[in-house]
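Asks: Next one to model:
(one chain, ligands or ions: 3)
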Amino acid sequence: MAHTLIRGGTVVGPTGSAEMDVLVDGEQVAALLRPGDMRLGVDLAAGAERVIDATGKYVIPGAVDCHTHMELPFGGTHASDTFETGTRAAAWGGTTTIVDFAVQRTGERVQDGLAAWHEKAAGQCAVDYGFHQILGGVDDDALKAMDELVAEGITSFKLFMAYPGVFYSDDGQILRAMQKARDNGSLIMMHAENGIAIDVLVRQALDRGDTAPFFHGTTRPWETEEEATHRAIMLARLTGAPLYIVHMSARQAVATLARAREEDLPVYGETCPQYLYLSLEEQLGAPGFEGAKWVCSTPLRSRAQGHQDELWQYLRTGALSVVSTDHCPFCLKEQKELGLGDFSKIPNGIGGVEHRLDLLYQGVVEGRITRERWVELCCTTPARMFGLDGRKGVLAPGADADVVVYDPAGHTSIGLGKTHHMNMDHSAWEGFEIDGHVDLVMSRGRVLVADGEYHGSPGHGNYLRRGPSAYLR
Ligand code: URP
Ligand code: ZN
Ligand code: ZN
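Replies: Ligands and ions are numbered 1, 2, ... in the order given. The predicted structure follows:
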């Protein structure tokens, strides 16, 4: 494949920014060069067949979204993005790697659940993809399967303390899975909400006639997230296993995580853009059934209680390590509408795989995080956390040439019919305005998006066998 030179931009990485040209050779980054650099008297850039002008723009690694749910079965329906539509939308937004969750349904063999996920994704993806494995029940067979999967490059397992009767694991099951993860070097990812208590609160709310989407939030109060977070950390501590807590939204839960990290426990947390920008009052409390668009778990939190600002603070200080999307889209029509008259039947999830890089960049514009932290949260740390370091999340010689040219002088209006390529009949981010723009997206040396045109195709994306988390080595 031809050499490409991305010239004139500012390369932004997690530790700093510099005026550099990026030389791409085939599918990989060959070199980062100072403009006009002559190594041993040879002008390495001179032979480039293709030059991309990035003057005045940021050149960053392709973003890594380590939490997506394409086609997830939930509440009698399926998440509305397929691997084809969801990875195309990801590419539009500058995300060149996703790690999706293969599902073992309760009663199913883990290996069969995984095989079904490989079948859904193979030949469909526009960007590279890997899998975590959801364990829908921990028994002797599942524990054996964990070893097999680690050998196949699936080095992280999600357990649920919520959804009794669906994905739920009890404390004994969690303990056993953590012991296994400690022994085989994998990472337990935890959905930390006390599902047993939540189910009682939900029943009581429905009995009172509180059926609107707003009550999805009030029946999953912060205490249920904080309690489960604390319990998960204690079980991890007891077993000596590392732990990664997904989609954290309650400031009290992150405070508990932060305290454990101060004690040097190997525990990590992610949040998602919806918990940084949206709220219980404004979105879940929207009139009529509209709040259903934002029903997800953990739920959006009260702005009056200050969760959103404190989460930004935790991103700055490092208590939270990653921002993912938890992309799990459902249309309003016929999907979210399953919960008309009963919020507990609304499928849980928000679509956003296309918008994370932009939404977090707005945090840079507003002075909440630096541009280096933006890259670290969206690209570098997720790659390192999930065993993709060296290949993804950095611009360095030998890394995959996954590159985004981001224009800080550009503008992006988010919404249906604007920037929105997800398979949804609405946008959870309608009306958001971003002071920046994803101009060009490259995946393994191939340009997927440029000048507002899409050049990708299903099947370009490769399956990624992942190694152990860099944080555990
Ligand atoms: O509401 C959510 N988060 N839906 C996706 C499934 C999960 O728990 O991550
Ligand atoms: Zn979850
Ligand atoms: Zn999720």
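
Asks: Enumerate the residues of the chain near ligand 1.
Replies: Proximity of the chain to ligand 1 is confined to His69, His191, His247, Cys296, Ser297, Asp326, Cys328, Asn348, Gly349 under the rule CB under 6 Å from any ligand atom. Where you see a C-beta, it was placed from the backbone N, CA and C, and this is true even at glycine.

Asks: With secondary structure, neighbour count and pLDDT added, can I get those in CSV?
Replies: Shown next, in CSV, are the residues of the chain next to ligand 1 (DSSP: H, G, I helix; E, B strand; the rest coil; neighbours: other CB atoms under 10 Å; pLDDT from 0 to 100):
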residue, secondary structure, neighbour count, pLDDT
His69, coil, 24, 98
His191, strand, 24, 98
His247, coil, 24, 98
Cys296, coil, 27, 98
Ser297, coil, 21, 98
Asp326, coil, 27, 98
Cys328, coil, 27, 98
Asn348, coil, 23, 98
Gly349, coil, 24, 98
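
Asks: In TSV, list these along with distance to Pro164.
Replies: Converted to TSV, those look like this (distance: CB to CB, whole Å):
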residue	distance to Pro164
His69	20
His191	12
His247	18
Cys296	18
Ser297	13
Asp326	20
Cys328	19
Asn348	14
Gly349	19
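
Asks: out of those, who's nearest Leu175?
Replies: His191 (16.3 Å; CB to CB).

Asks: Looking at strand pairing, list the partners for the residue lying closest to that closest one once chain neighbours are set aside.
Replies: Closest residue to His191 in three dimensions, ignoring its sequence neighbours and counting by CB to CB, 6 or more residues apart in numbering: Phe160, at 4.4 Å. As for beta bridges, Phe160 partners with Tyr168, His191 under DSSP bridges.

Asks: give the contact list for Phe160.
Replies: Under the criterion of CB atoms under 8 Å, 6 or more residues apart in numbering, the neighbours of Phe160 are Ile134, Val166, Phe167, Tyr168, Ser169, Met190, His191, Gly195.

Asks: same deal with Arg231?
Replies: By CB under 8 Å, 6+ apart, the residues touching Arg231 are Met161, Asp171, Ala192, Asn194.

Asks: Need those in CSV (columns: pLDDT, distance to Thr97 and neighbour count).
Replies: Below are those laid out as CSV (pLDDT from 0 to 100; distance: CB to CB, whole Å; neighbours: other CB atoms under 10 Å):
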residue, pLDDT, distance to Thr97, neighbour count
Met161, 98, 28, 27
Asp171, 98, 33, 12
Ala192, 98, 25, 30
Asn194, 98, 32, 21
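
Asks: Considering these, which is situated nearest to Glu372?
Replies: Nearest to Glu372 among these: Ala192, at 28.9 Å, using CB to CB.

Asks: dump the residue contacts of that closest one.
Replies: Contacts of Ala192 were listed using CB under 8 Å, 6+ apart, and they are Met161, Glu225, Ala228, Thr229, Arg231, Ala232, Ile245, Val246, Met248, Ala253, Thr298.

Asks: how close does the first one sit to ligand 1?
Replies: Counting by CB to the nearest ligand atom, to the nearest Å, the gap from Met161 to ligand 1 is 11 Å.

Asks: can you check the fourth one too?
Replies: Separation of Thr229 from ligand 1 (CB to the nearest ligand atom) stands at 14 Å.

Asks: How about the third one?
Replies: From Ala228 over to ligand 1 the distance is 12 Å, taken as CB to the nearest ligand atom.

Asks: Just the buried positions in stretch 10-17, please.
Replies: Of the residues in stretch 10-17, those buried by neighbour count under the rule 16 or more other CB atoms under 10 Å are Thr10, Val11, Val12, Gly13, Pro14, Ser17.

Asks: partner residues bridging Phe101?
Replies: Beta-bridge partners recorded for Phe101 (DSSP bridges): His132.

Asks: can you tell me which two in the contacts of Arg231 are farthest apart?
Replies: Asp171 and Ala192 (12.3 Å).

Asks: Now do stretch 306-315: everything it contacts.
Replies: The set of residues external to stretch 306-315 that reach it, using CB under 8 Å, 6+ apart, is 222, 248-251, 254, 258, 269, 271, 275-277, 279, 301, 320, 323, 363, 368-369, 373, 377.

Asks: Looking at the residues you listed, which are in helices?
Replies: If you go by DSSP state H, the contacts of stretch 306-315 have Trp222, Arg251, Val254, Ala258, Tyr275, Leu276, Tyr277, Gly363, Arg373 in helices.

Asks: Show the contacting residues for whichever residue of the stretch 1-150 of the chain sits closest to ligand 1.
Replies: Nearest to ligand 1 in the stretch 1-150 of the chain, going by CB to the nearest ligand atom, is His69, at a distance of 5.2 Å. Taking CB under 8 Å, 6+ apart as the criterion, His69 is in contact with Ala79, Asp100, Phe101, Asp326, His327, Cys328, Gly349.

Asks: Only the buried residues of stretch 220-227, if you could.
Replies: Taking 16+ other CB under 10 Å as the basis for neighbour counts, the residues of stretch 220-227 that come out buried are Arg220, Pro221, Trp222, Thr224, Glu225, Glu226, Glu227.

Asks: mean confidence score for whichever strand or helix holds the fifth one?
Replies: Yep, that's Glu225 we're talking about. Assigning secondary structure by DSSP states H and E places Glu225 in helix 222-239. In this model, helix 222-239 has an average pLDDT of 98.

Asks: State the next helix or strand along the chain beyond that helix.
Replies: strand 243-245.

Asks: List the strands paired with that next one, with their directions.
Replies: strand 187-191 (parallel), strand 267-271 (parallel).

Asks: Low-confidence regions, the stretch 1-150 of the chain specifically.
Replies: Counting by pLDDT under 70, the ranges of the stretch 1-150 of the chain that qualify are 1-2, 40-42, 44.

Asks: Thanks a lot, catch you later.
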